[in-house]
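Chemist: predicted model, plus sequence, below.
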Amino acid sequence: MRIRKAVLPVAGLGTRVLPATKAIPKELLPVVDRPVIQYVVDEALEAGIEHIIFVTGRGKGAIEDYFDHSYELEDQLKAKNKTDILAAVEASRLPAGASSFVRQQAPLGLGHAVWCARDVIGNEPFAVLLPDVIVKGKPSGLKQMVDAFARVGGNIIAVDPVPQDRVSSYGVIAPKSRDGRLIAMSGMIEKPPRESAPSNLAITGRYILQPEIFGLLEKQGAGAGGEIQLTDAMARLMDLQDFYAYEFEGSVHDCGNKTGYFEAVLAHALDNPDTAAFARDLVRQAAGKL
């Protein structure tokens, strides 16, 4: 089946980038000229996603407003003939009926957030995109995964190689065999000791999952941190279905922490034609002061 729907769990508190997230959801932190979540939604749309399910919580109403009409702003831009800016604002809207917002009333973990979307997803495979992770790739990271899914089916997890001395900070996969960027996997290990890690391929915040995951999540007990962990349910599903990892072509920026957010801003400033020259000069000036 084609991947038509995607889940974006946006209920998190953004504790790693406090105090900024006291006033603004972490997903709306700006990266050059648009919020983090816009890059993630654009990635999903490029991959052919037709319906996006935002799993929200208290204080996240601004996300719903962002993807809606902004009548007063658009009218002012029209009156002032600021057509380029108006086009960018209009492009940020999602088409009518192309999004749903469901509530996660308590922070019970990523697995619970995904489970909250079960009735909207129904009985079909779907994607999950962590909304504070930007993947820069051409084609987009999720599009690469969707193309791989069309070939092999099953379940697919995005991975990205990390330095061997940092594997203990990530969840990594245990590879079984490899065909180009597609890797059949036999397991996942959360934050393994460096000397016993089965690979340096870290799980990167993009998933394509079969709907059977919902039945497992419904019965999944609390795991690490006292939360319902998606990785625990995926490990159980791996006993029943094929699981693959996909080493996407591109770069990843975790905007959920301060250094990753800074890296994302710099990378996109250097890539944006409106800011690239200024960003390069700024980097040179900063380098000269070190």
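Modeler: Received it, and whenever you're ready, just let me know what you need. For clarity, every value in this text was computed on a predicted model and none was experimentally measured.

Chemist: state the mean pLDDT of stretch 261-275.
Modeler: When pLDDT is averaged along stretch 261-275, the result is 92.

Chemist: model confidence score at S168, please.
Modeler: pLDDT, read off for S168, is 84.

Chemist: burial measure for V167, as a count.
Modeler: 24 (other C-beta atoms under 10 Å). (Each C-beta comes from the backbone N, C-alpha and C, glycine too.)

Chemist: ditto for D84
Modeler: Around D84 there are 8 residues (other C-beta under 10 Å).

Chemist: beyond the helix or strand harbouring it, next helix or strand please.
Modeler: Per DSSP states H and E: D84 is located in helix 83-91. Downstream of helix 83-91, the next assigned helix or strand under DSSP H and E is strand 99-103.

Chemist: which other helices and strands does that next one contact?
Modeler: strand 51-56 (3 or more C-beta pairs under 8 Å, 6 or more residues apart in numbering; DSSP states H and E).

Chemist: so where's this structure uncertain?
Modeler: 222-226 (pLDDT under 70).

Chemist: would you state the strands of it in chain order?
Modeler: 5-9, 30-31, 34-35, 51-56, 99-103, 126-129, 133-136, 155-161, 171-179, 182-190, 201-209, 243-247, 251-254 (DSSP state E).

Chemist: give the contact list for V146.
Modeler: I3, A47, G48, A127, I208 (C-beta atoms under 8 Å, 6 or more residues apart in numbering).

Chemist: picking that back up, need the strands of the chain in a markdown table with mean neighbour count and distance to L290, can you?
Modeler: Below are these laid out as a markdown table (neighbours: other C-beta atoms under 10 Å; distance: least, C-beta to C-beta, whole Å):
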| stretch | mean neighbour count | distance to L290 |
| --- | --- | --- |
| strand 5-9 | 25 | 38 |
| strand 30-31 | 16 | 24 |
| strand 34-35 | 20 | 30 |
| strand 51-56 | 22 | 41 |
| strand 99-103 | 16 | 45 |
| strand 126-129 | 25 | 36 |
| strand 133-136 | 23 | 26 |
| strand 155-161 | 24 | 28 |
| strand 171-179 | 16 | 33 |
| strand 182-190 | 18 | 36 |
| strand 201-209 | 24 | 29 |
| strand 243-247 | 24 | 33 |
| strand 251-254 | 19 | 22 |
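
Chemist: of all these, which one is nearest D281?
Modeler: strand 30-31 (19.5 Å; C-beta to C-beta).

Chemist: what is that closest one packed up against?
Modeler: Secondary elements touching strand 30-31 (3+ C-beta pairs under 8 Å, 6+ apart): helix 258-271.

Chemist: buried stuff in stretch 272-290?
Modeler: By neighbour count on 16 or more other C-beta atoms under 10 Å, the buried set for stretch 272-290 is T275, A279.

Chemist: and for stretch 87-106?
Modeler: S92, S99, S100, F101, V102, Q104.

Chemist: of those residues, closest to A117?
Modeler: Once C-beta to C-beta is applied, the member of the buried residues of stretch 87-106 that ends up nearest A117 is V102, at 5.9 Å.

Chemist: correct me, but that closest one touches R118?
Modeler: No - with contact defined as C-beta atoms under 8 Å, V102 does not count as touching R118 (9.3 Å).

Chemist: now render the contacts of V146 as JSON lines, adding distance to S199.
Modeler: Output for those, formatted as JSON lines (distance: C-beta to C-beta, whole Å):
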{"residue": "I3", "distance to S199": "25"}
{"residue": "A47", "distance to S199": "25"}
{"residue": "G48", "distance to S199": "29"}
{"residue": "A127", "distance to S199": "23"}
{"residue": "I208", "distance to S199": "20"}
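
Chemist: so which of those is the closest to V31?
Modeler: Closest to V31, out of all of the contacts of V146 and judged by C-beta to C-beta, is A47, at 19.6 Å.

Chemist: I'd say the closest one and S140 touch.
Modeler: Yes - using C-beta under 8 Å as the test, A47 is close enough to S140 to be in contact (5.8 Å).

Chemist: please report the distance of the closest residue to R151 other than its chain neighbours from F243.
Modeler: Closest residue in space to R151, ignoring its immediate chain neighbours: L182 at 7.8 Å, by C-beta to C-beta, 6 or more residues apart in numbering. The gap separating L182 from F243 is 11 Å, by C-beta to C-beta, to the nearest Å.
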